[in-house]
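K.L.:
Can you look at this prediction? I've put the sequence above it.
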Amino acid sequence: MYSIRFKNVNKSFGKNKIIEDLNLDIKKGERLILLGSSGCGKSTILRMISGLETITSGELYLNGELANDIDSGDRSIAMVFQNYALYPHMTVNDNVGYGLKINKTKKEERVKKVAEAIDILGLTNLENRYPRELSGGQRQRVALARAIVKKADFFLLDEPLSNLDAQLRGQARKELVKIHEMYGQTFVYVTHDQIEAMTIGHRIALLDKGHLQMLDTPHNVYHKPANIFVATFIGSPSMNIISTNIYGRYMILGKNKVELPEMWLNQIASSKAKGVKLGVRPENIILSNTPGQYSIPVTVRYVEDYGNRVGFYFNIGDCYIFLDILYKFCFDTER
Amino acid sequence: MKTKEFKWHILFIVIILIALYPIIYAVSTSFKSLNESFNNILSLIPEEPTTSAYQRVLSIIPFFKITLNTFIIASIVTLFKLITGVLAAYSFVFLDFKGKKWLYFVLISTIFIPFTVTMIPNFITISRLGLKDNIIGVAIPQLADATGIFLLRQHMRGVPKSLLEVAKLEKTPHVTILRTIVVPIIRPAILSMGIIFFINSWNEFVWPSLILKSTENYTLSLALQMFVSAEGGTDIPVAMAISVLTMLLPLVIYAFCQKFIINTFAQSGIKG
């Protein structure tokens, strides 16, 4: 069952096309990550779901219902903003309970729900503090508490962790997953951080310049990228892309040739594309002293020592290639 | 203290003394007798302090009625300028409507129209409304203020949009958003603007002088003028006494709210 469906959705600001012909289905209860670099339109998609941004053309369905013209207040949306959007003049309690108060929830019920959310997020004893008296991590939790207290159908998060320091971020990732599993709403999460995308998402929707590049599980996005953009975007350090030619059964790499397995040859033969590009992740290259079946001789140009790993740079033809290997393997090969 | 700092302090003290001198002079002269005010013009300390000047003020004009008039006008003007200003600023910042930019441009351009240009049309309107010699007639043309809208808009632009968006997801009506979010956040700005509106209205002279004719409807600045004109011009202690009374209330307000006023001017151009 799809709970959010984009059908041929376009969005433009004046002449600026932000989203072009987006088709995206988000399953009920899944954690979908909208991933992309800044300006790719991921936040715009989130804001279209929430109704804070209008849709220029196309159709948006929420729970099977055409939602283009539904007021954002009627969409059952809870949203966490990048800057947390806490009301500076209200205490933690009032911030969390604001929506309930606006919707005229009875006071006893409101107090109970607020206390519950505050308890879940470990904000007990901070109820009467103002946002300025809280740390960044605590503010982020208040924003989350305000969102979960609503028990909305859709839980939207716009880079909620980007203002936290690296250490807190790792912890917050786990908590977000825990909270989602507790409530199980449809969870749409915008980020530019691929670690967050890989660890939090059931599926990742990778975007570039307003176009959906790939929609799949984190594992498939990493191991079976749909195109070069996906291949180079996911993974750090990013994948090496080498332009090459096929000559008979051989792939030409600079001045060397490597014999290709039958499976690859068949795939290349069935493709109508002209050039061939070889993509290799830095961690999949092995440095060796003895020539093997698929090895080619290289001259190392530059070495970087990261402590646990060592990075090597070398040329294959015109391409500058990077590989990194565990430190211990580095010494094995030199022996 | 370092010599360099010391020099600056001396300069500031001199500047403050120059600025304060007329006020100190007014206060001291108001406690002099009529005779002493002529014999002992430059002295800042009255030899025989007396409140006779104040008693004369109270006998010549209905002082309390006049103070009340001034207070009522200033209060009405301040209250309405704030209400209209907050509403207009909210619309200009947070609502989208057709012709918004154009309307804002027209509004701001009214700041550059001198008072003397609108004075006569306003006078004709007020007199046709039959509000001449009526304090309501003084207040009516001043119920909205473009400068105030401009300044409040600047402050509201500092309120992050996401704060309103959170509220919108709860289907919060605009009036509630304004009341529970925007106004509390920019309250210091609203307070200080209010004080400025109040003091400006309190000190206003030209417009009330056109509208108000009978002494009992006068405002303080008009009453003040009575004592420096040809008829009462020689009774300097009385003129000084009413001057002191006129500036008393604004000074008290300023003393309490100094912090807000300085904040408003310091922030007015900056997007928070």
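P.N.:
Arrived safely, thanks for sending. Quick caveat: nothing in here was measured; it's all calculated off a predicted structure. Numbering: from 1, shown residues only, chains lettered A, B, ... in the order given.
K.L.:
The helix or strand containing A:Leu144 vs chain B: in contact?
P.N.:
Per DSSP states H and E: A:Leu144 is located in helix A:136-148. Yes - using Cβ under 8 Å from any Cβ of the partner chain, helix A:136-148 reaches chain B at A:Arg146. Glycine gets a C-beta too; all of them are placed from N, C-alpha and C.
K.L.:
tell me what that helix is packed against?
P.N.:
strand A:77-80, helix A:92-102, helix A:107-120, strand A:154-158, helix A:166-183 (3 or more Cβ pairs under 8 Å, 6 or more residues apart in numbering or on different chains; DSSP states H and E).
K.L.:
Show me which residues of that helix are buried.
P.N.:
Buried residues in helix A:136-148, defined by neighbour count with 16 or more other Cβ atoms under 10 Å in any protein chain shown: A:137-148.
K.L.:
That one versus helix A:92-102: what angle between them?
P.N.:
Counting by axes from the mean of the first three to the mean of the last three Cα atoms, to 10 degrees, helix A:136-148 lies at 20 degrees to helix A:92-102.
K.L.:
Identify all contacting residues around helix A:136-148.
P.N.:
By Cβ atoms under 8 Å, 6 or more residues apart in numbering or on different chains, the surrounding residues in contact with helix A:136-148 are A:78-81, A:84-86, A:92, A:95-96, A:98-99, A:114, A:117-118, A:120-123, A:126, A:131, A:134, A:155, A:157, A:160-161, A:163-165, A:168, A:172, A:176, A:179, A:183, B:166.
K.L.:
filter those to the buried ones?
P.N.:
Among the contacts of helix A:136-148, those classed as buried by 16+ other Cβ under 10 Å are A:78-81, A:84-86, A:92, A:95-96, A:98-99, A:114, A:117-118, A:120-121, A:123, A:126, A:131, A:134, A:155, A:157, A:160-161, A:164, A:168, A:172, A:176, A:179, B:166.
K.L.:
hang on, the earlier thing: now the angle between strand A:154-158 and the helix holding A:Leu144, please.
P.N.:
150 degrees.
K.L.:
can you tell me which residues contact whichever residue of chain A sits closest to chain B?
P.N.:
Using Cβ to the nearest Cβ, the closest approach of chain A to chain B is made by A:Gly73 at 2.5 Å. A:Gly73 makes contacts with B:168-172, as judged by Cβ under 8 Å, 6+ apart.
K.L.:
Which ones among those lie within strands?
P.N.:
Among the contacts of A:Gly73, none falls in strands (DSSP state E).
K.L.:
Nearest to A:Ile33 among the residues you listed?
P.N.:
Nearest to A:Ile33, judged by Cβ to Cβ, of these is B:Leu169 at 21.0 Å.
K.L.:
where exactly do the strands run in the stretch 101-250 of chain B?
P.N.:
Under the criterion DSSP state E, counting those that start in this stretch, the stretch 101-250 of chain B carries no strands.
K.L.:
Enumerate the residues of chain A near chain B.
P.N.:
Counting by Cβ under 8 Å from any Cβ, chain A sits next to chain B at A:50, A:52, A:71-75, A:77-79, A:81-83, A:85, A:87-89, A:98-99, A:102-103, A:146, A:150.
K.L.:
Show me where the chain dips below the pLDDT cut-off.
P.N.:
Since no chain was named, I'll use chain A. A:327-335 (pLDDT under 70).
K.L.:
hmm, I had chain B in mind actually
P.N.:
Applying pLDDT under 70 to chain B flags the ranges B:1-2, B:229-233, B:260-272.
K.L.:
closest point of it to chain A, which residue?
P.N.:
Counting by Cβ to the nearest Cβ, chain B gets nearest chain A through B:Lys171, at 2.5 Å.
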